[in-house]
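In: Give me a 3D structure for the following:
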Amino acid sequence: VVMDCEDSSYNSTSEPELDSDPEDPERLLNEWLGELDSLAVVSEQFILQV
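Out: The predicted model follows:
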């Protein structure tokens, strides 16, 4: 439930920015990919520990 709230608030705050600044979504995408990358590393380490 908490993640759903974060997703909806993130979407509502990021959509207006997409319209106003064409460069912003690219930076957000890069941040997202970076977070996914770090999450993948963390999950790999967790799996190796188990």
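In: Quick check: Asn30 vs Leu36, distance?
Out: 11 Å (Cβ to Cβ, to the nearest Å). To be clear about C-beta, it is placed using only N, CA and C from the backbone, and glycine gets the same treatment.
In: buried residues in the helix or strand harbouring Leu28?
Out: Using DSSP states H and E, Leu28 sits within helix 24-49. Residues of helix 24-49 classed as buried: none (neighbour count, 16 or more other Cβ atoms under 10 Å).
In: average model confidence for that helix?
Out: Averaged over helix 24-49, pLDDT sits at 91.
In: Determine the set of other helices and strands touching it.
Out: helix 2-20 (3 or more Cβ pairs under 8 Å, 6 or more residues apart in numbering; DSSP states H and E).
In: pLDDT averaged over the helix it packs on - what is it?
Out: Averaged over helix 2-20, pLDDT sits at 51.
In: quick one: Glu26 from Val41, how far?
Out: Glu26 is 23 Å from Val41, by Cβ to Cβ.
In: repeat for Pro25
Out: Counting by Cβ to Cβ, the gap from Pro25 to Val41 is 25 Å.
In: do the same with Asp24
Out: 26 Å.
In: next one: Trp32
Out: From Trp32 to Val41 the distance is 15 Å (Cβ to Cβ).
In: just Leu48 next, same as before
Out: 11 Å.
In: now swap in Glu31 and tell me
Out: 16 Å.
In: Please apply the same query to Gln49.
Out: 13 Å.
In: Next, show the common contact partners of these two.
Out: Here Gln49 and Val41 have no joint contacts, going by Cβ atoms under 8 Å, 6 or more residues apart in numbering.
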